[in-house]
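S.K.: I would like to see how this sequence folds:
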Amino acid sequence: MLKITFGKTRYNADKLLLNKENNTLELGNGYIMTNLSANTDLEKFVQYINKQYALGDNIINAEIWYSRNGGSDTEPNYMVEKIEDAVSPIEDGFQRNVFIDGQSAHHFGYRILQILDQAILVTTPRSIISIHSSEKIVMQAKALETILTTEPVITLDTIAFYLKQEMKCDQLTLTSTTFNRN
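M.R.: Model (predicted):
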């Protein structure tokens with residue numbers, strides 16, 4: 001489970017959703033972080049989190065990142081607020097990879113539940129993702145999951161690349177729909 005420390009409080013964060021227009025980062029656990037620093041880029045913070053997580057670091061300290069990347073020493077760099085009351089429990093047994101869905105939400109941990117005809121059903125600690133293919137998928141769920149474990153960050157393009165190799169086809173388009181489990 002990925003944890004991000006903001007000041008003295010540590011938050012579980014298994015699904016990061018970056019909103020560039022609002023300069024916010026939804027943590028997927030009922031909290032949202034707003035970037036208050038004019039000198040830092042929230043997208044670079046998410047890239048840093050992905051890199052550190054891929055290297056095996058489960059705890060990210062926002063204070064350290066802001067101090068090294070142009071944050072203020074005297075003014076607040078961010079604000080964390082609760083956005084909802086219900087938080088569902090986290091399950092074990094997920095692959096330790098960052099999964100980026102079609103809406104650019106970052107999910108920390110995933111498991112492929114089933115492949116059926118032109119659909120792949122994926123679950124993350126907080127979401128269920130339905131991936132739809134332009135072609136019939138001829139591959140077992142466990143086989144695809146095993147291949148994907150070599151990738152630290154998985155996107156729809158990554159899945160399409162491996163499916164095209166396995167199915168020996170030239171064109172394959174994937175789209176996804178994400179449903180929150182809360």
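
S.K.: Pull the contacting residues for residue 145.
M.R.: Contact partners of residue 145, counting by C-beta atoms under 8 Å, 6 or more residues apart in numbering, are 95, 111, 112. Every residue, glycine included, has its C-beta placed from N, CA and C.

S.K.: Kindly recompute the last result at 7 Å.
M.R.: 95, 112 (C-beta atoms under 7 Å, 6 or more residues apart in numbering).

S.K.: For the spatially most central residue of the chain, which non-adjacent residue is spatially closest?
M.R.: Nearest to the geometric centre of the chain sits residue 106, at 1.8 Å (C-alpha atoms, centre = their mean). Nearest residue to residue 106 in three dimensions, chain neighbours excluded: residue 16, at 4.0 Å (C-beta to C-beta, 6 or more residues apart in numbering).

S.K.: SS state for the one you found?
M.R.: strand (DSSP: H, G, I helix; E, B strand; the rest coil).

S.K.: list the contacts for it?
M.R.: 25, 26, 27, 28, 46, 49, 106 are the contacts of residue 16 under C-beta under 7 Å, 6+ apart.

S.K.: Tell me which helix or strand the residue nearest to the centre of the chain sits in.
M.R.: strand 105-116 (DSSP states H and E).

S.K.: Residues in contact with that strand: which ones?
M.R.: 2, 14-17, 46, 50, 53, 93-101, 120-125, 127, 137, 139-141, 144-145, 178.

S.K.: List the buried residues for it?
M.R.: Of the residues in strand 105-116, 105, 106, 107, 108, 109, 110, 111, 112, 115 count as buried by neighbour count, 16 or more other C-beta atoms under 10 Å.
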